[in-house]
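S.K.: Fold the following.
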Amino acid sequence: MEIERFLTWLAVERNVSPATQSLALKAIVFLKKVYLFQPFDLPEGFTRASRQRKLPVVLIRQEISSLLAKLEGVYLLMAGLLYGSGLQRIELVRLRVKDIDLDYKQVRVLFGKGGKHRLVTLAEELLPRLRQQIDQVRLLLERDLFFLKYRLG
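M.R.: Sure, this is the predicted structure:
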């Protein structure tokens, strides 16, 4: 009876996670069986802790416009891809030039959430910035390859 009250107290008063409540129960079982040598049946009448849902934080259009207005350069492009194409952060970090199709206005996401591949639409407004970024990256690559060739002889 006391164990049931304790486990209910954890869930209701302390608002612990289900994993914490389960750990407390396992510790009690271990204590009773191993150290006190008492038989122990799992209590049935206690309130189980429930996982609290986390609601996503959503910005209104004004807030998004204000945020994007404060960004520039590559940061604006990154935020535009996140917001305009619905990319997740890890998908953005893994994005490569070969995954962007400017003609069809698509981004190929490889191994996204759940390890799946998908195509997402590319926002029209991002095309000039993306072209500029791709040209800049191409110039850096050519420069690096030139210096590598020059150093190796």
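
S.K.: going forward, measure contacts between C-alpha atoms and count neighbours the same way
M.R.: Noted.

S.K.: Quick check: chain neighbours aside, which residue is closest to L25?
M.R.: Nearest residue to L25, sequence neighbours excluded (Cα to Cα, 6 or more residues apart in numbering): L7, at 7.4 Å.

S.K.: Next: K116.
M.R.: L110 (6.7 Å).

S.K.: Kindly report the same for R118.
M.R.: Here the residue nearest R118, using Cα to Cα, 6+ apart, is V109, at 5.2 Å.

S.K.: can you check R48 too?
M.R.: A11 (6.3 Å).

S.K.: Before we move on, what's the pLDDT of that neighbour?
M.R.: Looking at A11, its pLDDT reads 87.

S.K.: That one: what secondary structure?
M.R.: helix (DSSP: H, G, I helix; E, B strand; the rest coil).

S.K.: any idea which helix is longest in the chain?
M.R.: helix 127-152 (DSSP state H).

S.K.: Against which helices or strands is it packed?
M.R.: Packing partners of helix 127-152 (3 or more Cα pairs under 8 Å, 6 or more residues apart in numbering; DSSP states H and E): helix 73-85.
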